[in-house]
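Engineer: Coordinates for the following, if possible.
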Amino acid sequence: MSSTIEKPQLRRLPKDSNSPDIMSVIRADGGVIIRNFLSQDQPQRFNIEIDHEIAQLNAGSTHTDEFISKFHGINTKRLTNLVTLSQTFREELMDSDLVHAIAEKVFLEESKSYWMTTAQVIEIGPGNAAKPLHRDLENDYPFIAMGPAGPEVSLNFLIVLSDFSEENGATRVIPGSKHWLDFNDRGTPEMTIPAEMSAGDVLLISGKVVHGGGPNQTPNTSRRGVAFTLQPGYLTPEEAYPFLIKMDLVKKLSPRAQKMIGFRSQCPKGRPRLVAD
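Structural biologist: Residues are numbered from 1 along each chain as shown. The predicted structure follows:
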């Protein structure tokens, strides 16, 4: 891309924006930054709840596959099973009215249901190289061939727990890439822009959008965010929550949060009952 061509920018909306306004930007650009998505104290509480677990993790990948190892990053930590580890996440974010209003706009018309595929803290440490550019729908390979006409199979709320800057590895995005005809084309780093945000903001992106964590070029600053990702009910989640979450904890969740992790019927409303002869 010529350096004289202005790159498209990520639009920013306040949290009090309604879901139709947010969705109009998602449909056009594939991504939007929602400012102050979390309340002022939520990032602090969330970080306190997971700090010990993050400290126990080793950075880097355990995979021998070269691409996967590069994707995970040599100085990146990933923490899963946040439903168990964070009260703030399971009681407040999983049951957020705004999260569900947006998810309903995205998934219900096409899929009739949705749930959470994963929620993981991703902490990019100093010296970590840029993550390979990708689309989240690549986790479900058939949808690559469908291109922009295919259904929406991933919606990622990338929640900021520490400030994202271009220097410390802010996620890099190619707005508009959800409309490219060839989803095997992931673009180039020169086509990306950094999603610079403050703690409490969220980058909401379609699974069709090219993005990737940026390089952390700081000497001693890590950047921490949560990839909180939803998908249609007909796809198998990345995290097998019914096998991870203790039942006494599940019983304390709201019915809506329980459905998000698989404690629900998979039969959508309106499906005809099958009656044996």
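
Engineer: can you map out the strands along the protein?
Structural biologist: Using DSSP state E, the strands of the chain run over residues 12-14, 31-35, 76-79, 114-124, 155-160, 172-173, 193-194, 202-206, 211-212, 223-232.

Engineer: got any ranges where this structure has weak pLDDT?
Structural biologist: For the chain, applying pLDDT under 70 flags the ranges 1-5, 266-277.

Engineer: 50 instead?
Structural biologist: Along the chain, the parts satisfying pLDDT under 50 run over 1-3, 274-277.

Engineer: What ranges does it have for its helices?
Structural biologist: Using DSSP state H, the helices of the chain run over 19-29, 42-56, 66-72, 82-85, 87-88, 97-103, 109-111, 142-146, 241-244, 247-250, 255-260.

Engineer: Could you give the number of residues near Phe67?
Structural biologist: Neighbour count for Phe67, taken as other CB atoms under 10 Å: 9. C-beta: built from backbone N, CA, C; applies to glycine.

Engineer: Pull the contacting residues for the nearest residue to it once chain neighbours are set aside.
Structural biologist: Here the nearest residue to Phe67 in space, its sequence neighbours aside, is Pro132; by CB to CB, 6 or more residues apart in numbering that works out to 7.2 Å. By CB atoms under 8 Å, 6 or more residues apart in numbering, the contact set of Pro132 is Phe67, Lys70, Phe71, Arg186, Gly212.

Engineer: Tell me the bridge partners for the residue nearest the centre of the chain.
Structural biologist: Nearest to the geometric centre of the chain sits Asn156, at 2.8 Å (CA atoms, centre = their mean). Listed by DSSP bridges, the beta-bridge partners for Asn156 are Ile205, Thr229.

Engineer: From the chain's centroid, how far away is stretch 9-26?
Structural biologist: Distance of stretch 9-26 from its chain centroid, counting by CA atoms, centre = their mean, to the nearest Å, is 16 Å.

Engineer: Could you pull out the buried residues of it?
Structural biologist: Leu10, Leu13, Ser17, Ser19, Ile22, Met23, Val25, Ile26 (16 or more other CB atoms under 10 Å).

Engineer: do stretch 182-191 as well
Structural biologist: By neighbour count on 16+ other CB under 10 Å, the buried set for stretch 182-191 is Phe183, Arg186, Met191.
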